[in-house]
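Undergrad: fold the following, please.
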Amino acid sequence: MAAVVMFAASFHGIAEEPTTEAVSGFNAYIGQVEARLDQQHRGPDAFVAWEDFARLRKGELIIERITSSAGADLPGALLHHWRGTAFAGGARAADFERLMRDFSAYPQRFSPQVVRAKVIGQQGDQFKVLLRVRQHHVITVVMDTAYDITFGRRDGQHGYSMARSTGISEIRSPGTSDERALSPAEWHGFLWRMNTYWTYEERDGGLYMQIESVTLTRSIPTGLGWVIGPFVESIPRESMEFTLRSACDALRK
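TA: Alright, predicted model coming up:
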């Protein structure tokens with residue numbers, strides 16, 4: 001109970017936005033990630049970045065952190081990069097693409113993390129999407145997020161998508177008459193930026209799926225790493241595992 005109280009107090013009333021240096025560092029890192037993915041998607045081999053595919057075919061779900069805690073620090077912020085890989089037997093690339101493009105079904109397929117979803121613009125394979133998301137780790141946080149999402153494919157068996165966050169607002173008192181979006185000066189810094197990259201490949205009688213998530217959050221207040229550190233670490237890992245399992249379940253159905 002003491003840890004919960006200290007956690008809540010550490011984030012209460014903190015008026016903070018990401019620094020220019022933190023945003024620049026995040027953007028530079030994203031540039032490297034997208035350049036590597038572009039080369040990976042264009043190359044003749046290793047469309048999905050993994051080696052032991054037998055483990056995946058046995059039903060194992062692999063979650064790994066790409067950035068280390070020591071190397072993820074930016075001024076006043078933390079950068080997190082995680083990757084998850086799974087295999088859905090019997091699924092096809094076309095099935096997965098239809099699943100990911102059906103944004104109106106996200107609140108059912110990815111509940112309770114996705115509360116609602118709406119497409120506000122589309123031009124070919126490019127979408128502008130609004131998502132309300134909910135995270136519960138010690139405390140519950142609800143955020144409205146805006147994304148530019150692009151789908152691509154190398155051929156009928158290989159595809160990918162890129163979702164770049166363009167706006168994130170923390171919501172106070174969601175679902176009540178007092179609901180409102182916090183101003184940037186009121187943000188707690190739970191999530192400032194989030195980009196998500198899917199890569200999928202149809203072979204071996206099913207579909208290999210890989211998701212990479214790169215996020216920017218506020219840094220941990222001095223002296224509270226033992227309380228907040230596990231929270232900060234658990235959010236991207238658990239969210240990625242939930243998303244992969246939900247996608248696999250939806251494909252099986």
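
Undergrad: from here on, contacts and neighbour counts on C-alpha atoms
TA: OK.

Undergrad: can you tell me how far the residue lying closest to Gln126 once chain neighbours are set aside sits from Phe26?
TA: Spatial nearest neighbour of Gln126, excluding adjacent residues (CA to CA, 6 or more residues apart in numbering): Thr150 at 4.5 Å. To Phe26, Thr150 is 20 Å away according to CA to CA, to the nearest Å.

Undergrad: looking at these two, which is more packed in?
TA: Just comparing Thr150 and Phe26: by other CA atoms under 10 Å the higher neighbour count belongs to Phe26, 22 against 18.

Undergrad: ok, back up a step: residues in contact with whichever strand or helix holds the residue nearest to Gln126?
TA: Secondary structure assigned from DSSP states H and E places Thr150 in strand 139-155. With contacts defined as CA atoms under 8 Å, 6 or more residues apart in numbering, strand 139-155 is touched by 8, 41-42, 125-135, 159-172, 174.

Undergrad: any of those residues buried? List them.
TA: Listed as buried from these are 41, 126-135, 159-166, 168-171; burial here means 16 or more other CA atoms under 10 Å.

Undergrad: in strands, which of these appear?
TA: 126-135, 159-166, 168-171 (DSSP state E).

Undergrad: give me the beta-bridge partners of the nearest residue to Gly167 once chain neighbours are set aside?
TA: Spatially, and ignoring its direct neighbours in sequence, Gly167 is nearest to Ala146 (5.0 Å; CA to CA, 6+ apart). Under the criterion DSSP bridges, Ala146 forms beta bridges with Leu130, Gly167.

Undergrad: just the buried positions in the strand holding Thr150, please.
TA: Buried-residue list, strand 139-155, by 16+ other CA under 10 Å: 141-151, 153.

Undergrad: let me have those residues in a markdown table, adding pLDDT and distance to Arg252 as columns.
TA: Formatted as a markdown table, those follow (pLDDT from 0 to 100; distance: CA to CA, whole Å):
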| residue | pLDDT | distance to Arg252 |
| --- | --- | --- |
| Val141 | 83 | 30 |
| Val142 | 90 | 29 |
| Met143 | 89 | 29 |
| Asp144 | 93 | 29 |
| Thr145 | 94 | 28 |
| Ala146 | 97 | 29 |
| Tyr147 | 97 | 27 |
| Asp148 | 98 | 28 |
| Ile149 | 98 | 24 |
| Thr150 | 98 | 25 |
| Phe151 | 97 | 22 |
| Arg153 | 94 | 22 |
